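**Student:** here is my input, please return the structure:
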Amino acid sequence: MQAIGKIGLAILLLASTPANAAPGRFTVDSKQNVQRFYGVPIDLTISGIKRLRYHVKMGQEFGEGDAHPVAWIKAKDGVEVKASFGLDGRLYYLESSSLKAVGPKGIKAGSLLSDVRAAWPTGRLLYGSEDGRFVTYSTDTNVKYVFDPDDLPPQAFDHRGAKIDVPNIRVKTVRIFAPF
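**Tutor:** Residues are numbered from 1 along each chain as shown. The predicted structure is shown next:
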């Protein structure tokens, strides 16, 4: 078998890259789950933060009565990524509201709900008021898109189950969950 030249190897690598993968931004597996987001791996642990080559600021946030560790990471291309950890030190999710942060299928903060639905037609828009108001779009992968609840009419959060016409709201945050 002949050795593959540099040009042939580059062509082979480009051909094997998923069409919606953005080199340097994120990598996805065969099920379209994001494995790395702007250089930050989804299997990151608190102890692994020191191996990142990015500026990191550690802190805490409170949720469900407990303080949990978070890291604000100035990642690849200057994208700000927040890493939220469980009390066991394992990553729970990565998220970014940076306008530079492009997720799978080109969806980013500022993208319209209609763009998200077109990119992920089997996904679901979820909204309600459990533990505070929320509006998310689940993509059937480890990626979710978060919207500002204030962009929906108040009756969307009425516990009587009122149906609403959902406006074409904009993505606020790209969130990527770590595997459990």
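**Student:** make it CA atoms for all contacts and neighbour counts henceforth
**Tutor:** Will do.
**Student:** what segments of this structure are helices?
**Tutor:** Ranges of helices within the chain are 6-16, 113-119, based on DSSP state H.
**Student:** and for Asp115, the neighbour number?
**Tutor:** 17 (other CA atoms under 10 Å).
**Student:** can you tell me the closest non-neighbouring residue to it?
**Tutor:** Excluding its sequence neighbours, the residue lying closest to Asp115 (CA to CA, 6 or more residues apart in numbering) is Ile107, at 7.3 Å.
**Student:** burial of the one you found, as a residue count?
**Tutor:** Using other CA under 10 Å, Ile107 has 19 neighbouring residues.
**Student:** next one: it from Arg25, what distance?
**Tutor:** Counting by CA to CA, to the nearest Å, the separation of Ile107 from Arg25 is 12 Å.
**Student:** again, but for Lys76
**Tutor:** 8 Å.
**Student:** same thing with Ile169?
**Tutor:** Noted for Ile169: a distance of 24 Å to Arg25, by CA to CA.
**Student:** could you check which of those two is surrounded by more residues?
**Tutor:** Arg25 (20 against 17).
**Student:** can you give me phi and psi for the residue lying closest to the more buried one once chain neighbours are set aside?
**Tutor:** Leaving aside its sequence neighbours, Arg25 sits nearest to Tyr38 (CA to CA, 6+ apart; 4.5 Å). The phi/psi pair for Tyr38 (degrees, to the nearest 10) reads phi 50, psi 40.
**Student:** ranges for the strands of this structure?
**Tutor:** With strands called from DSSP state E, the chain shows them at 26-28, 34-37, 40-41, 55-63, 66-74, 80-85, 91-96, 124-128, 134-138, 143-147, 171-177.
**Student:** pLDDT below threshold where in the protein?
**Tutor:** Low-confidence segments of the chain (pLDDT under 70): 1-24, 159, 161-162.
**Student:** one more pass at 50, please.
**Tutor:** Within the chain, the segments meeting pLDDT under 50 span 1-21.
**Student:** tell me the bridge partners for the spatially most central residue of it.
**Tutor:** Of all residues in the chain, the one closest to the mean position by CA atoms, centre = their mean is Arg175, 2.7 Å from it. Here Arg175 sits in beta bridges with Glu95, Lys144, going by DSSP bridges.
**Student:** now do the contacts for it.
**Tutor:** By CA atoms under 8 Å, 6 or more residues apart in numbering, the contact set of Arg175 is 93-96, 143-146.
**Student:** and the residues you listed, which is closest to Glu130?
**Tutor:** Proximity of the contacts of Arg175 to Glu130 (CA to CA) peaks at Val146, which lies at 15.0 Å.
**Student:** what about the closest one, how many neighbours?
**Tutor:** Counted with other CA under 10 Å, residues neighbouring Val146 total 22.
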